[in-house]
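*Asks:* need the 3D shape of this:
(2 chains)
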Protein chains: 2
Amino acid sequence: MAQPSKYSNVLIVGGGLIGSSIARACREFGAAKHVAIADTNADVRTTLRGLKICDEVTEVADPTHADLVILATPPNKISSTAKQLLPNMKQGATLTDVGSVKGDVVEKITAILPKGISFIGGHPIAGTEQSGPQAGFAALFTDRWCILTPTDETDLTAQTLKKFWQTIGSRVTFMDAGHHDLVLATTSHLPHLIAYALVGTATDMETVTRGEVVKYSAGGFRDFTRIAASDPVMWRDVFLQNKDAVLDVLGRYIEDLTALKKAVRWGDGDTLLKEFTKTRDIRTRIIDAGQDNPQPNFGRDGTGDEEE
Amino acid sequence: MAQPSKYSNVLIVGGGLIGSSIARACREFGAAKHVAIADTNADVRTTLRGLKICDEVTEVADPTHADLVILATPPNKISSTAKQLLPNMKQGATLTDVGSVKGDVVEKITAILPKGISFIGGHPIAGTEQSGPQAGFAALFTDRWCILTPTDETDLTAQTLKKFWQTIGSRVTFMDAGHHDLVLATTSHLPHLIAYALVGTATDMETVTRGEVVKYSAGGFRDFTRIAASDPVMWRDVFLQNKDAVLDVLGRYIEDLTALKKAVRWGDGDTLLKEFTKTRDIRTRIIDAGQDNPQPNFGRDGTGDEEE
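*Replies:* As a prediction, the model looks like this:
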């Protein structure tokens, strides 16, 4: 197999948290010669120009010279943007995206793909609860996984895109689009839905004031509010696009929660202890895999160090 | 009202995360002249002696000289330990605890309280997912709230205990024991139950491997695993002691989650967007109240700083 080469000319469509972070990382790690960002929002463009993180900022995306076009728009704009850009992309170029749901996008774009252009779905498992170009940073993808969903994993195009993500700090894995959607429904979409629901429940209690919820949030609640502060438009789209997988894991989750509720109602301490004990191991594995900070409370309270 | 004086002699029963942190904080902030820790576990005693964080470590708790006795045992041992110690406590001394549920403990201890001894329920809203004496640190209570549940808030005993917690870094508030249990069911107990259930659901999926759950946890799941790594014995006891309040908020939560499930099933983007938008404000308030770190991802990924 031939060695993958580098992309000279990269066009990023959408200059938010992810798009602007890719631009920063391209410069930081020397992943491309020329990086352009297109964004339809005038404020975003002004911010991007001020940040000086890329070579060109435009309102309309012009894909004619790009070797790689990355769609970093909100999820529900990915397919329509692809439809707009594909006729003007140059032969041999690659189109990819960074959306949290892959099945829907891969199906729609594959159906309209012109000859000589490649499309490979992508999803960097990285982000923060913040949004917009000012929230981005070059190290966002460092040591995080990026999932790519090529139809042919051995293809040079897939290898070149893999190399690109590795250059900007990611670990890369290939996966079937449908399987990706089920895995992410479990590790990301369900956690977000759960967090949004909890923050809603807590703020709607008649007997507990919002002031009390805020004051005593250090007991666990505050962790959920971080996740529930994520971009609402993006998350609406994720749940609309990944309906089937989300309903599957959400159904299982409500069953499991109902079983715990029954154990609480009946004072069944043995069941509670058994369930609470088996969950500790997975935390250790996540820390060992380099996917979280081992410091207590994520290290955010300045915990522990002075004792070591 | 007379000014509260300081406790000279403090006995902490239970040398785990909370008990050992109180001992450290007493020394760090000069909150007592003599601090003893009693713990029935020989390994804990050996660790405590090695840490040199208090004046005395014993197996059996001797309360005869203590001005303040702090019960920092697992929740289900608080009442029985109080029953053992109360007959030997000196006149004018104060008994308190640090348990996460107050109604049950306050009722049981008040019923057996000898004349001349005061009991005031207490609960510092502080902790980490770790446990044991080695996990403690002096700054654990700094800027966190401690809730006290005295029957008479103007009493000098209540004021003296308040002063003690303030001296070791806490903010202090008085609250009715029953109301405390409802507030904490919302801000702490429900979040823990939800997190334990999610980690259980994710690790029991047949179609998603545990390895995948670990690898792609940065999408949201990893936050929940931190909470679900908390001490299982303590949490079992919390749910057994605070059954009614937990069932109340858990019932509401399952209703809210089911409403979101319905919106996903029917593709009702408007409802999803409305629910996801209203939760963002509470995060801002928690950060403004100094109860969480404003850095994205709690600052744990080294995010953002290089851009500022």
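
*Asks:* which residues of chain A score low on pLDDT?
*Replies:* The model of chain A has pLDDT under 70 over residues A:1-2, A:301-308.

*Asks:* where is the longest helix in it?
*Replies:* helix A:243-265 (DSSP state H).

*Asks:* quick one: that one to helix B:243-265, angle?
*Replies:* Direction vectors for helix A:243-265 and helix B:243-265, defined by axes from the mean of the first three to the mean of the last three C-alpha atoms, to 10 degrees, enclose an angle of 170 degrees.

*Asks:* now the strand ranked longest in chain A, how far from the centre of its chain.
*Replies:* Taking DSSP state E as the criterion, chain A has its longest strand at strand A:118-124. Averaged C-alpha coordinates place strand A:118-124 at 13 Å from its chain's average position (C-alpha atoms, centre = their mean, to the nearest Å).

*Asks:* so what are the sheet partners of that strand and their directions?
*Replies:* strand A:94-97 (parallel), strand A:145-149 (antiparallel) (DSSP bridges).

*Asks:* adding mean neighbour count, write those strands out as CSV.
*Replies:* For every residue, glycine as well, the C-beta is placed using N, CA and C. Shown next, in CSV, are these (neighbours: other C-beta atoms under 10 Å in any protein chain shown):
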stretch, mean neighbour count
strand A:94-97, 24
strand A:145-149, 24
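
*Asks:* let me have these in a markdown table, extended by distance to residue A:167.
*Replies:* As requested, those are exported to a markdown table (distance: least, C-beta to C-beta, whole Å):
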| stretch | distance to residue A:167 |
| --- | --- |
| strand A:94-97 | 14 |
| strand A:145-149 | 11 |
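
*Asks:* nearest to residue A:298, out of the ones you listed?
*Replies:* Distance to residue A:298, taken as C-beta to C-beta, is lowest for strand A:145-149 among those, at 19.1 Å.

*Asks:* name the surrounding residues that touch that closest one.
*Replies:* Residues outside strand A:145-149 that contact it (C-beta atoms under 8 Å, 6 or more residues apart in numbering or on different chains): A:96, A:102, A:106, A:120-126, A:158, A:161-162, A:165, A:170-177, A:180, B:215-216, B:218.

*Asks:* quick one: buried ones out of those residues?
*Replies:* For the contacts of strand A:145-149, a neighbour count by 16 or more other C-beta atoms under 10 Å in any protein chain shown gives the buried set as A:96, A:102, A:106, A:120-126, A:158, A:161-162, A:165, A:170-172, A:175, A:177, A:180, B:215-216, B:218.

*Asks:* mind checking which of the contacts of strand A:145-149 land in helices?
*Replies:* Judged by DSSP H, the contacts of strand A:145-149 include A:106, A:158, A:161, A:162, A:165, A:177, A:180, B:215 as members of helices.

*Asks:* need the contact list for the second one.
*Replies:* By C-beta under 8 Å, 6+ apart, the residues touching residue A:158 are A:120, A:148, A:150, A:152, A:174.

*Asks:* could you do the fourth one as well?
*Replies:* When the contact criterion is C-beta under 8 Å, 6+ apart, the partners of residue A:162 are A:4, A:148, A:172, A:174.

*Asks:* touching, the last one and residue A:150? I think so.
*Replies:* If I follow you right, that is residue A:174. Yes - using C-beta atoms under 8 Å, residue A:174 is in contact with residue A:150, at 6.2 Å.

*Asks:* quick one: stretch A:278-286 near chain B?
*Replies:* Yes - contact of stretch A:278-286 with chain B is found when judged by C-beta under 8 Å from any C-beta of the partner chain, involving A:278, A:279, A:280, A:282, A:283, A:284, A:285, A:286.

*Asks:* who's residue A:35 bridged to?
*Replies:* residue A:10.

*Asks:* got the CA coordinates for the helix or strand hosting residue A:44 in CSV?
*Replies:* Using DSSP states H and E, the element containing residue A:44 is helix A:42-51. What follows is helix A:42-51, C-alpha atoms only, in CSV (Å, rounded to 0.1, in the frame of the first residue of the first chain):
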residue,chain,number,x,y,z
ALA,A,42,-20.8,37.5,10.6
ASP,A,43,-19.9,37.6,14.3
VAL,A,44,-18.1,34.3,14.1
ARG,A,45,-16.1,35.5,11.1
THR,A,46,-15.1,38.7,13.0
THR,A,47,-14.0,36.6,16.0
LEU,A,48,-12.1,34.2,13.7
ARG,A,49,-10.3,37.1,12.0
GLY,A,50,-9.3,38.5,15.3
LEU,A,51,-8.0,35.2,16.5
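
*Asks:* could you pull out the strands for the stretch 201-308 of chain A?
*Replies:* Using DSSP state E, counting those that start in this stretch, no strands are found in the stretch 201-308 of chain A.

*Asks:* contacting residues for the nearest residue to residue A:225 once chain neighbours are set aside?
*Replies:* Using C-beta to C-beta, 6 or more residues apart in numbering or on different chains and skipping the chain neighbours, the partner closest in space to residue A:225 is residue B:283 (4.3 Å). Contacts for residue B:283 (C-beta under 8 Å, 6+ apart) come out as A:129, A:225, A:226, A:228, A:229, B:292.

*Asks:* before I go, just wanted to say thanks for your time.
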